[in-house]
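Colleague: pasting the sequence and the predicted coordinates here, then a few questions.
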Amino acid sequence: YLDSVDQQAARIGAVNTIVNQGGQLCGYNTDAVGFRQGIEAHGIHVRGLNVVVLGAGGAARAVVFSLLDSGAHVTILNRDPGRAASLAGDAASLRGCHVAHGALVEGTLESHLSGAALLVNTTSVGMHPLGNATPCPARLLHRDLSVCDIVYNPRETVLLRDASACGAVTVDGVEMLVRQGAKAFELWAGTPAPVELMRAVVTRELGRASQ
């Protein structure tokens, strides 16, 4: 339905922002840059590091391609290992690199997290109203493993709370939500987005929703 699609959006296989450029509809995906900017704002730079991504859905695609573009070594774990294998195959063929994959079970998690620098949860586990769940047992987390959860309601998931308790750097889902929205704003308006104002409004509204 679009006249053109940004190269990164085409590789990810999803568009979430459409810009009318002189009557031509151009499609973009802002999730990948939103994720990258969010983790980098917390001092996390992934080039050359091992990263474990939980999930293999639409959000995972954007996260995986963002990580690969940044030079990370990626492993995808999913409850349905076939979907993890499919996403890994797509990413490997388009990026020309190896992408590991497997089932999201405790034994596989333990073997991969021991040598990982970053864990990213893209599943819905821990999201309201199932806020008491976590995709990763607390005992597998450690202070040298940064943890990012793209769930933003609740803002501090069980996964992030467990990670903070062991001294790990954590990044909540509001970062990606706000920064992908800021990128969309800039594509539409052609001017820098008021990122801090956007974050304040999102935080306020999430607070109201949880009351």
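Modeller: Cool, the structure landed.
Colleague: does anything pack onto the longest helix along the chain? Which helices or strands?
Modeller: In the chain, taking DSSP state H as the definition, the longest helix is helix 173-189. In terms of contacts (3 or more Cβ pairs under 8 Å, 6 or more residues apart in numbering; DSSP states H and E), helix 173-189 is packed against strand 17-21, strand 24-28, helix 31-40, helix 195-209. No exception for glycine: its C-beta is placed from N, CA and C like everyone else's.
Colleague: mean pLDDT for these: which is lowest?
Modeller: Among the helices and strands packed on helix 173-189, helix 195-209 carries the lowest mean pLDDT, at a mean of 92.
Colleague: distance of the residue most central in space within the chain relative to Asp149?
Modeller: Nearest to the mean C-alpha position of the chain, by Cα atoms, centre = their mean, lies Val63 at 4.4 Å. Note on Val63: its distance to Asp149, by Cβ to Cβ, to the nearest Å, is 11 Å.
Colleague: most tightly packed of the helices and strands packed on helix 173-189?
Modeller: Counting by mean count of other Cβ atoms under 10 Å, helix 31-40 has the highest mean neighbour count of these, with a mean of 23.
Colleague: check which element follows that helix along the chain.
Modeller: The helix or strand immediately downstream of helix 31-40 is strand 50-54, counting by DSSP states H and E.
Colleague: need the pLDDT of Pro129.
Modeller: On the pLDDT scale, Pro129 is placed at 85.
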